[in-house]
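> Below is the sequence, then the predicted model.
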Amino acid sequence: LRLGSFVTTATMVTNVVALNCAVMPALLCLASVISAANPWDKYNYSPASRTVLPVALFSPATGQRQPYNLPLSLTGGSNVVLDFGKEVGGLITLTFGSVTGNPQATLVFSESTFYIKDGDLSKGGTDPDGVLHTQTLATGNKYTVPLENIRGGFRYLNIGLTAGSAQISSVTLAFTAAPTMTDLRAYKNHFYSSNDLLNQIWYAGAYTVQLSSIVPSHGRVWPPPKGLWNNSALVGVGKTVLVDGAKRDRMVWPGDLGVSVPTAFVSTGEMDSSKNAIITLYDCQNKQTGQFTSVGPPIGDWYTSDTYHLWTLIGTWNVYLYTKDQAWLAPLWSGFCLGLNHSVSKIGSNGVMVVDKNGDWARGGMGGENIEANALLYRALRVGSLLAADQGDGALADHYSAIAASLRDATNKLLWDDAVGAFKDNPKSSVHPHDGNSLAVWYNLTDDPAKTKRISDYMHSNWNSFGSRAPEWSMNIATFAASMEVQAHYAAGQADRAQELIELQWGYMLKYPNSTQSTFWEGYNSDGTFAYRGNYMSNAHGWATGPTSALTLFGVGIRPLTPGGETYLVQPLPGRSMQHCESQLSFEPTGSVHVRWERRQGEFRVVIDSTTHTGLAGDVDLSNVFPGTACRLTWIEEGKARASEHYMTPKISGIPPGRHTFVLTPQL
């Protein structure tokens, strides 16, 4: 591991005077101190300062909340449960007033109301994380949780007293996530639409990933400690790193980055955490074979997964696509080629990759000629070709493209099941997996548009009232695979279906009263109950945030075509659940592009503001708005109408920087 510099919590956490908000909900407290300059600001879950206060008292017996007022009075054997109103993370400090009887205070943390008594399990192993005890208390004492016991994700804090009596005069949390962001709410990008639930979901996804961006020395110790949890492991390079989840595992898992990196890009725009996560994985690469680890430090040497190996390659492209940081890519490029060639070497006699490293997410059935792995390899080859061309190696770009084309043909021939309308997990399997079919559509592995539509229909058939079930995970609801599915429905042109799934599955998680109501889960059972043993399940997991990027990149339809957004595409897939929608994307080297579309009196109007964009040009494609209908497209540039009218193919290329309005009118 190449160790980057890191800073201590003391330098990360700004000491400010906290405001004493006495009532629920948390968002009302924020509203009292934030002047919302934009209509989307009210959806932002990020705290207004790094000093965060509880917002209510919670009664496990009744499920009711009461106003949070100080001081809090405790006697031996009693306890009080503090509700922060949403997922938070960091270091708790308790200040005590009058104390008698030489007691200790006890602290128990949980993300859910279900585990308030005994606490969550985050350290691994089988037992809950345990009860944290203060020192023996005296009047006027102050207690701060030790740094190694920093709590990355929780909503509820259960404080008890062992004996005597004590008054608590203050409870504060030093919020430590997103350590390099000076203003936690100052996202570079935004999303806003006429659909209130979609707005909430977009920002909850953004906040989930923000909570998963941590100080690299705040990772989970492994193997699991015998006593309390310990989050003092060094898990990455630099000053901030993107890990899988807030509570756990607090390590870099490359599969998770396939969803969380795009979420970070379209929301906070903070890309250093993503860059450092990828560097961390390259530092662990086997330099002889090219195999990437399945997980970063403190483990770092689990060379157990062909799929997670491929996710590292795809993550490399995603970061470069969003930033065009050549200085970042240059030292990684040879490792990328070595890693891609390692996967190509596993292509067998049937023309598809044969998996022999079977580790993956919680799914079953990985191995052999697997559809998920081959969809990932196809994507890695396609982006490898783009990267090679960008690096000036045309011959290598052509080589990767040729392998990709051959792999696509072979995979469709070997694994497509026409009777079902989906890909089989492997040639002899009766399972048609959620992940592999979603990836096949998202990454354009299908060789026929009819297959794309049939896969979308097949995945829709697996929905129940709680979400989309994964056949490869015992028909439970895998938020990782469902994040892929949302992208796939959009890629198939099924915007209504994509947004319906977002509202169904992510709406369920967000509104569930026994969770954080601000972040998204690692996965859950088909009946809506927590998976992953319940108390171990991460209630804030980056791989569950697919709708955030999908709503921007497909719903609004603004996405980069070339690295750094030098050229970009505006291609809305509106769906019926939104009447207007807007978003901004900030490209690291080339400035920002703001897009807003709305339906107005039978027309579809798009406004693009690229006045600060220093790249080449943009393309506009409105063919998905009124499909199959002849339309007139009027282009207005800086208030001046241009003579641009197109019928049936409403597309324009080469949009220069400036402010542009496009009006699409059906010709009925």
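That came in fine, so what should we check first? Residues are numbered from 1 along each chain as shown.

> Spit out the contact partners of Val354.
346-348, 368-369 (Cβ atoms under 8 Å, 6 or more residues apart in numbering). Heads up, the C-betas are built off the backbone N, CA and C, glycines and all.

> Helices of the stretch 101-250 of the chain, residue ranges please.
Using DSSP state H, counting those that start in this stretch, the helices found in the stretch 101-250 of the chain span residues 196-211.

> Low-confidence stretches in it?
Judged against pLDDT under 70, the stretch 101-250 of the chain has no low-scoring part.

> buried sites along the lengthiest helix in the chain?
Ranked by residue count and defined by DSSP state H, the top helix of the chain is helix 394-415. Going by neighbour count (16 or more other Cβ atoms under 10 Å), the buried part of helix 394-415 is 396-397, 399-401, 403-404, 407-408, 410-412, 414-415.

> And for stretch 382-393?
Applying a neighbour-count criterion of 16+ other Cβ under 10 Å, one finds 382-388, 390-391, 393 buried in stretch 382-393.

> go on, stretch 322-342?
Those would be 322-325, 328-329, 332-333, 335-340, 342, for stretch 322-342 by 16+ other Cβ under 10 Å.

> coming back round to it: so what does the longest helix of the chain touch, helix or strand wise?
In terms of contacts (3 or more Cβ pairs under 8 Å, 6 or more residues apart in numbering; DSSP states H and E), helix 394-415 is packed against helix 333-344, helix 371-390.

> Select, out of those, the one closest to Lys188.
With distances scored as Cβ to Cβ, the stretch of the helices and strands packed on helix 394-415 nearest to Lys188 is helix 371-390 (23.7 Å).

> could you dump that closest one to PDB, C-alpha only?
Below are the C-alpha coordinates for helix 371-390, written out as PDB (Å, rounded to 0.1, in the frame of the first residue of the first chain):
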ATOM      1  CA  ILE A 371     -23.300 -13.800 -17.900                       C
ATOM      2  CA  GLU A 372     -22.500 -11.200 -15.200                       C
ATOM      3  CA  ALA A 373     -18.700 -11.700 -15.600                       C
ATOM      4  CA  ASN A 374     -18.900 -11.500 -19.400                       C
ATOM      5  CA  ALA A 375     -21.000  -8.400 -19.400                       C
ATOM      6  CA  LEU A 376     -18.400  -6.800 -17.100                       C
ATOM      7  CA  LEU A 377     -15.600  -8.000 -19.400                       C
ATOM      8  CA  TYR A 378     -17.400  -6.600 -22.400                       C
ATOM      9  CA  ARG A 379     -17.600  -3.200 -20.700                       C
ATOM     10  CA  ALA A 380     -14.000  -3.300 -19.600                       C
ATOM     11  CA  LEU A 381     -12.900  -4.000 -23.100                       C
ATOM     12  CA  ARG A 382     -15.000  -1.200 -24.600                       C
ATOM     13  CA  VAL A 383     -13.700   1.300 -22.100                       C
ATOM     14  CA  GLY A 384     -10.200  -0.100 -22.400                       C
ATOM     15  CA  SER A 385     -10.400   0.700 -26.100                       C
ATOM     16  CA  LEU A 386     -11.500   4.300 -25.400                       C
ATOM     17  CA  LEU A 387      -8.700   4.700 -22.800                       C
ATOM     18  CA  ALA A 388      -6.100   3.300 -25.300                       C
ATOM     19  CA  ALA A 389      -7.300   5.700 -28.000                       C
ATOM     20  CA  ASP A 390      -7.100   8.600 -25.500                       C
END
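
> average pLDDT for it?
Averaged across helix 371-390, the pLDDT comes to 98.

> low-confidence ranges in this structure?
1-36, 639-649.

> quick one: buried residues of the longest strand along the chain?
Ranked by residue count under DSSP state E, the longest strand found in the chain is strand 79-100. Buried residues in strand 79-100, defined by neighbour count with 16+ other Cβ under 10 Å: 80-92, 94-97, 99.

> List phi and psi for Asn444.
Dihedral angles of Asn444 (phi, psi; degrees, to the nearest 10) stand at phi 60, psi 40.

> circling back: tell me the one among the buried residues of stretch 382-393 nearest to Ala138.
Val383 (61.1 Å).

> Now that closest one: closest residue in space that isn't a chain neighbour?
In this structure, Val383 finds its nearest non-sequential neighbour in Trp317, 3.7 Å apart by Cβ to Cβ, 6 or more residues apart in numbering.

> Does the one you found touch Ala388 like I think?
No. Counting by Cβ atoms under 8 Å, Trp317 stays clear of Ala388, with 11.1 Å between them.

> and the longest strand of the chain, which strands flank it?
Using DSSP bridges, the strands paired with strand 79-100 are strand 56-58 (antiparallel), strand 142-144 (antiparallel), strand 151-161 (antiparallel), strand 165-175 (antiparallel).

> Could you check how far that strand is from the centre of its chain?
Centroid separation for strand 79-100 versus its chain: 28 Å, with Cα atoms, centre = their mean, to the nearest Å.

> Could you export it as PDB, CA atoms only?
Extracted in PDB, the C-alpha atoms of strand 79-100 (Å, rounded to 0.1, in the frame of the first residue of the first chain):
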ATOM      1  CA  ASN A  79     -31.500   5.100  30.000                       C
ATOM      2  CA  VAL A  80     -32.500   7.600  27.400                       C
ATOM      3  CA  VAL A  81     -32.500   7.200  23.600                       C
ATOM      4  CA  LEU A  82     -31.500  10.100  21.500                       C
ATOM      5  CA  ASP A  83     -32.700  10.400  17.800                       C
ATOM      6  CA  PHE A  84     -30.600  12.400  15.400                       C
ATOM      7  CA  GLY A  85     -33.400  12.300  12.900                       C
ATOM      8  CA  LYS A  86     -31.300  10.800  10.100                       C
ATOM      9  CA  GLU A  87     -28.100   8.800   9.600                       C
ATOM     10  CA  VAL A  88     -25.000  10.600  11.000                       C
ATOM     11  CA  GLY A  89     -21.500   9.600  11.800                       C
ATOM     12  CA  GLY A  90     -18.500  10.800  13.900                       C
ATOM     13  CA  LEU A  91     -17.500  11.300  17.500                       C
ATOM     14  CA  ILE A  92     -19.900  11.800  20.300                       C
ATOM     15  CA  THR A  93     -19.100  14.200  23.200                       C
ATOM     16  CA  LEU A  94     -21.100  14.200  26.500                       C
ATOM     17  CA  THR A  95     -20.900  17.000  29.000                       C
ATOM     18  CA  PHE A  96     -22.100  16.300  32.500                       C
ATOM     19  CA  GLY A  97     -23.600  18.600  35.100                       C
ATOM     20  CA  SER A  98     -24.300  17.300  38.600                       C
ATOM     21  CA  VAL A  99     -23.100  13.700  39.300                       C
ATOM     22  CA  THR A 100     -23.500  11.500  42.300                       C
END
